[in-house]
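**Q** Here is a sequence with its predicted model. Questions after.
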Amino acid sequence: MRARGIGLPANFFSHYARQLGTLSGLLGMCVVLSVATPFFWTVSNLLNVAEQAVIIAVVAAGMTFVIITGGIDLSVGSVLAFAGVVMASVLQAGVPVPVALAVALGTGLGCGLLNGALITVGRLPPFIATLGMMSVARGAALMFTEGRPVSGFSGSFRSLATGEVLGVPVSVVIMVGVYVVAHVVLTRTKLGRYTYAIGGNEEAALLSGVNVRLYKAAVYGISGMLSGLAAVILTARLNSAQPIAGMMYELDAIAATVIGGTSLLGGEGTVVGTLIGALIMAVLRNGLNILGVPSFVQQVVIGSVIIAAVLIDMWLKRRAG
Amino acid sequence: MTDAPVLEMREIRKTFPGVVALDGVDFALRRGEVHILLGENGAGKSTLMKILSGAYQKTAGRITLDGEEVEIKNPAHAQALGVATIYQEFNLVPHLSVGENIFLGREPVRAFGLIDRRAVNRQAAEVLGGLGLNLDPRRPVKGLRVAEQQMVEVAKALSLDARVLIMDEPTAALTEHEIKELFAAIRGLKEKGVSVVYISHRMEELFEIGDRVTVLRDGRSVGTFDVKETNKFELIRLMVNRDLTELFPKEHAERGAEVLRVEGLTTRGGLKDVSFSLHKGEVLGIAGLLGAGRTELARAIFGLDKLESGSVKIKGETRRIGSPRAAINAGLGFLTEDRKAQGLVLPLSVKDNLCLPSVDKFTSLGFVDAKRERGAAERYVRELRIRTPGLEQKVVYLSGGNQQKVVLSKWLCSEAEVFIFDEPTRGVDVGAKAEIYQLMNRLAASGVAIIMISSELPEILGMSDRILVMRAGTVACEFDAKEATQEKILECALGE
Ligand SMILES: Nc1ncnc2c1ncn2[C@@H]1O[C@H](COP(=O)(O)OP(=O)(O)OP(=O)(O)O)[C@@H](O)[C@H]1O
Ligand SMILES: [Mg+2]
C-alpha cells in the first residue's frame, strides 16, 4: 500500500490547513491594527468586536449549512427583520420571554422551511426561491408594523444583550454555543454527513438512500431558525425591532462563509472557518472605524478583502490539488 | 511502422501530497504503433498520460517529441503539439450538443466570429460516420448514454488530426459491437502513421489491437515487450507480482429460496413486460446491447423510475418501492454504472463515501459513531485492497479503479440481500477483478442474490449461474450458464 509519509500530524495540518490559513489572516490583521492603534488591543474593544460579530456570525452559521449543500439563502436578513417584529409584538402583548424566544425561532424556522419546500417540492433554484422570500419577508415585516419600529422591552429580555456571564456578554456566549452545536452537528451527525453528501453529489446521495428533499429542507429550516435567533439578539441590543433591520446581512453572511473556505459549489466547508470569516469582517470594520477611515472607503476595502481572500483560497487549493 | 520514436519520456517522476505516483518511468512510442500501457489500479498509468497531455506537470524528467525536447505546459499546448487525449473520466459539456462538444475550442467560424453551426454539424457527422456511429450531432450530450458519450469523446479526439493519440480505458463503457468499430478506427489511424497509447484492463483487447506493451507497477516501469512475444499470464504476473491462474474463479453456491420476483415490469423509459425471478445464492447475469434496457431495469427495481405496470416481490411480498431509500430498506443495493456521476461524492473522503448508504447502521440518536464507521471502512479498504493514503483521502484523488472499489465497498457495507451490480468491474485491473469475483462467490455462498449487468461477455459467461439476454426492453432469452456460449448470447442480443 502506498501510504508513504502520511502520519497523523501531517494529516491534521492538511485537514485544517485552510482554517489555519484564515486564522493567520485574522491574527495578522489584529497585529497590524494593534501596532497602528494601541486602542485596538484592549479588552473593551475586543469584546466590542465580538459583539459586532455576533449577529452576522449566527446568521452565517446557518448560511454555511445551506452553502455546503450547494445552495444559497438570500432571505436571511429579511427573515431576521420579520422574526424580530413578530417577537416584539408578542412581547409587548405581555407573553413571557421564553415564549417570545420560541416565537422568534419558530417564525424563522417557518420561513426557512417554506424556502426548503419551494426548493425541494417546487423544484425552484435556491437563488430564486430565497430571492422571493427575501422580498416577501421584508414586505411582511413592514406590513406587520406599518413601517414603524416596535420598541421598549422589559429588562429581563434586554439582558439577553446587556447581560454578562463571567464578564463575557451573553450574546457572545450564545454565539459560541451556536458554533459548538453547529460544528458537532456538521462533523458528528447524520444530518451533517448528508449535508456534505448532498452538496458533493446530489444524485449519488439520492442513490445511496439519502432522503435528499427532507435534509435539504431541514438545512433551510436551520438557516431560518438562526436568523430568528439573530433577531432576538439584535432586538434586545437595540431595545427595538425594526422592520428594516438586517438589510444586506445576506451579503455579509455569504462573505463570512466564503472567506472561511466554504465552496459555493457545495460539498466543502466548515463552521470553524465561517466563524473566523465573521470575525475577520468584524475586525476589519472595527479597525477601519478606529483608524477613522471614511465609510465610503471602508466599503471598497471590505470588498477588496473578500475578493483577495477567495483568490488566495483558490490559489492554495489549486496548488494542493 | 518504423523504429524511430515519435515520443520519448525519460525518468518521469510525479508526486502528490503523500503519494509518489510515478517514480522514474521511461516510455517510448514508435510511429504508427499501438502501445498498450498495462498496470494495476493506481500503478500510475493515467498520471503518466496526464503529464503527456498537459493536465499535470511532471515533478522531474524529460519529454522529447520527434527528437525535440518539449515542456508541455497545458492541455491546449499538448493539442498544439499533436497530442490528443481521451481521458478515463468524461470531459464533455453536458448542455452543449454532440457537434459543439466535438469542436469545442476550435469551432469553424463565419464572418464576425459567428460559429458556423452547419459546418460544425456537418463535420461532426463525418467524424461520427467514420466511427460507424449514427448519432445526431445536434443532440445535447446530457441525454446520451454512457457508451454514446464515450464515442463522442473518441470522435472528439479523432477530429484533432493528432500524431499521438492517448486513450485511457476507452472501451470501459462500450459493448462488443462498439469496440469493433473503435478498433477499426484505430487501425485506420495507424495506417496514417498516428501513434496510439492505449490503456485498458481488458486483456483480450491487448492481443487484438496492441503492437507493444509496457507494464507499470507501483509507479515504475517493469519492461516493454512485443505483444507477439508475450502472453497473458506472463503479463499478469508482471503486473500484479504474483501468479494468477484463475480469471473467473466461479463457485456455484447452493440455490436457496426465491428472494426477488419481478412480474410484467413496464416503464415509460422503455421496459416492456419484463419478468424474472432470483434466488438466494444465485448470480443472474444480464447481457444485452447498449440500449437494450438493462440499466432501465435496474433503475425501475430500485425505485428510480416510475412503473407503468408490473410488480416487484421481495421474499414473496409485494413491495411498492418509490425511492432508493425504500429500496435499501427492502434489502436492495444498486451499484450504478457511472461512478463519477452517480456512484461517488467526489469531494468527500473514502470513509464518508464508503459508509454513505449505511450511515443509519452507525447512528444512534442522530450521532454517527466514528469509531465503528472507521472500523468498517478500514475493513473494506483492506479486503478490496483499495489504494489510498488514508481513509480521509478525498475519493476524487484516487485512481479510477480504486474509485470503483470504493463504490463496490459502499454497497457491500450496506449488507443488502439482493445486489444489482451494473458493470461492477468497469475499470478494475485483472487482479482486482479476480478478487471481486471471489467476493461475489462469498456473497453468494452466504445467501445473497446478485444481478450482474455486464457488457463483458467473458464475465457474464464466467460468473453467472443463469443468464438473461435483454433486447429492446424485454427479456429475449434465458440460458443456464452451462449451455450458454458467446455466440448464442450475441445472436439473441442482436435478434438474429
Ligand atoms: N490529483 C491527485 N492527487 C493525489 N493523488 C493522486 C492524484 N492523481 C492520482 N493520484 C494517485 O496516484 C496514483 C496513480 O494514479 P493513476 O490514476 O495514475 O493510476 P492508474 O494506473 O491510472 O489506475 P487505474 O487503473 O485505477 O485507472 C494513485 O495512487 C492515485 O491515488
Ligand atoms: Mg487510470
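**A** Nice, I can see it. Ligands and ions are numbered 1, 2, ... in the order given.

**Q** For ligand 1, what is the nearest residue in the stretch 101-250 of chain A?
**A** Proximity of the stretch 101-250 of chain A to ligand 1 (Cβ to the nearest ligand atom) peaks at A:Gly200, 16.7 Å away. Where you see a C-beta, it was placed from the backbone N, CA and C, and this is true even at glycine.

**Q** Could you tell me the phi and psi values at that residue?
**A** Dihedral angles of A:Gly200 (phi, psi; degrees, to the nearest 10) stand at phi -80, psi -40.

**Q** Please apply the same query to B:Thr267.
**A** Note on B:Thr267: its backbone torsions stand at phi -130, psi 160 [degrees, to the nearest 10].

**Q** Now do the contacts for it.
**A** Neighbour list for B:Thr267: B:296, B:300, B:305-308 [criterion: Cβ atoms under 8 Å, 6 or more residues apart in numbering or on different chains].

**Q** Look up how far B:Leu247 lies from B:Gln450.
**A** Gln isn't right for residue B:450; it's Ile. B:Ile450 is 18 Å from B:Leu247, where distance means Cβ to Cβ, to the nearest Å.

**Q** Just give the closest residue to A:Ser34, not the sequence neighbours.
**A** Nearest non-adjacent residue to A:Ser34, counting by Cβ to Cβ, 6 or more residues apart in numbering or on different chains: A:Trp41, 4.1 Å away.

**Q** which stretches of chain A have low pLDDT?
**A** A:1-16, A:317-321 (pLDDT under 70).

**Q** mind listing the helices for it?
**A** For chain A, applying DSSP state H gives helices covering A:8-36, A:43-68, A:76-92, A:97-120, A:126-145, A:155-162, A:170-188, A:190-200, A:202-207, A:212-238, A:249-259, A:271-290, A:295-320.

**Q** need the strands for the stretch 101-250 of chain B, in chain order.
**A** Counting by DSSP state E, counting those that start in this stretch, the stretch 101-250 of chain B has strands at residues B:164-168, B:195-199, B:212-217, B:220-226.

**Q** Reformat those strands into a markdown table and put mean neighbour count next to each item.
**A** Listed next are these as a markdown table, based on neighbours: other Cβ atoms under 10 Å in any protein chain shown:
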| stretch | mean neighbour count |
| --- | --- |
| strand B:164-168 | 24 |
| strand B:195-199 | 25 |
| strand B:212-217 | 21 |
| strand B:220-226 | 16 |
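
**Q** Export the ones you listed as a markdown table, with columns for distance to ligand 1 and mean pLDDT.
**A** Below are these laid out as a markdown table (distance: least, Cβ to the nearest ligand atom, whole Å; pLDDT from 0 to 100):
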| stretch | distance to ligand 1 | mean pLDDT |
| --- | --- | --- |
| strand B:164-168 | 7 | 92 |
| strand B:195-199 | 7 | 95 |
| strand B:212-217 | 7 | 95 |
| strand B:220-226 | 12 | 94 |
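
**Q** Let me have the ones you listed in JSON lines, extended by distance to B:Gly375.
**A** As requested, the strands of the stretch 101-250 of chain B are exported to JSON lines (distance: least, Cβ to Cβ, whole Å):
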{"stretch": "strand B:164-168", "distance to B:Gly375": "35"}
{"stretch": "strand B:195-199", "distance to B:Gly375": "35"}
{"stretch": "strand B:212-217", "distance to B:Gly375": "30"}
{"stretch": "strand B:220-226", "distance to B:Gly375": "33"}
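
**Q** Which of these sits closest to B:Gly44?
**A** strand B:212-217 (5.4 Å; Cβ to Cβ).

**Q** Contacts for the closest one, please.
**A** For strand B:212-217, contacts defined as Cβ under 8 Å, 6+ apart pick out B:25, B:27, B:30, B:33, B:35-40, B:43-45, B:48, B:206, B:221-227, B:230, B:235, B:238-239, B:241.

**Q** Give me the buried entries from these.
**A** Buried members of the contacts of strand B:212-217, counted by 16 or more other Cβ atoms under 10 Å in any protein chain shown: B:25, B:27, B:30, B:33, B:35-40, B:43-45, B:48, B:206, B:221-222, B:225, B:227, B:230, B:235, B:238-239.

**Q** show me what contacts the closest residue to B:Arg138 other than its chain neighbours?
**A** Take B:Arg138 and drop its neighbours on the chain: the residue closest to it by Cβ to Cβ, 6+ apart is B:Ser97, 5.1 Å away. By Cβ under 8 Å, 6+ apart, B:Ser97 lies in contact with B:121, B:137-141.

**Q** Repeat that for B:Ile36.
**A** B:198-200, B:206, B:209-210, B:212-214, B:227.

**Q** how about a cut-off of 10 Å?
**A** Shown in contact with B:Ile36 (Cβ atoms under 10 Å, 6 or more residues apart in numbering or on different chains): B:45, B:196-200, B:203, B:205-207, B:209-215, B:224-225, B:227, B:235.

**Q** helix, strand or coil for B:Ala377?
**A** What DSSP: H, G, I helix; E, B strand; the rest coil gives for B:Ala377 is helix.

**Q** Actually, B:Gly333.
**A** Quick answer, by three-state DSSP: B:Gly333 is strand.

**Q** Report how many residues lie close to the residue of the stretch 51-200 of chain B found nearest ligand 2.
**A** Closest to ligand 2 within the stretch 51-200 of chain B is B:Gln88: 4.7 Å, counting by Cβ to the ion. For B:Gln88, the count of nearby residues is 22 (other Cβ atoms under 10 Å in any protein chain shown).

**Q** So which bits of stretch A:301-317 are buried?
**A** Quick answer for stretch A:301-317 (16+ other Cβ under 10 Å): A:302, A:305-306, A:309-310, A:313.

**Q** next one: stretch B:93-109
**A** B:97-103, B:107.

**Q** Now do that stretch: distance from first to last residue.
**A** Stretch B:93-109 has an end-to-end distance of 20 Å (criterion: Cα to Cα, to the nearest Å).

**Q** All set, thanks.
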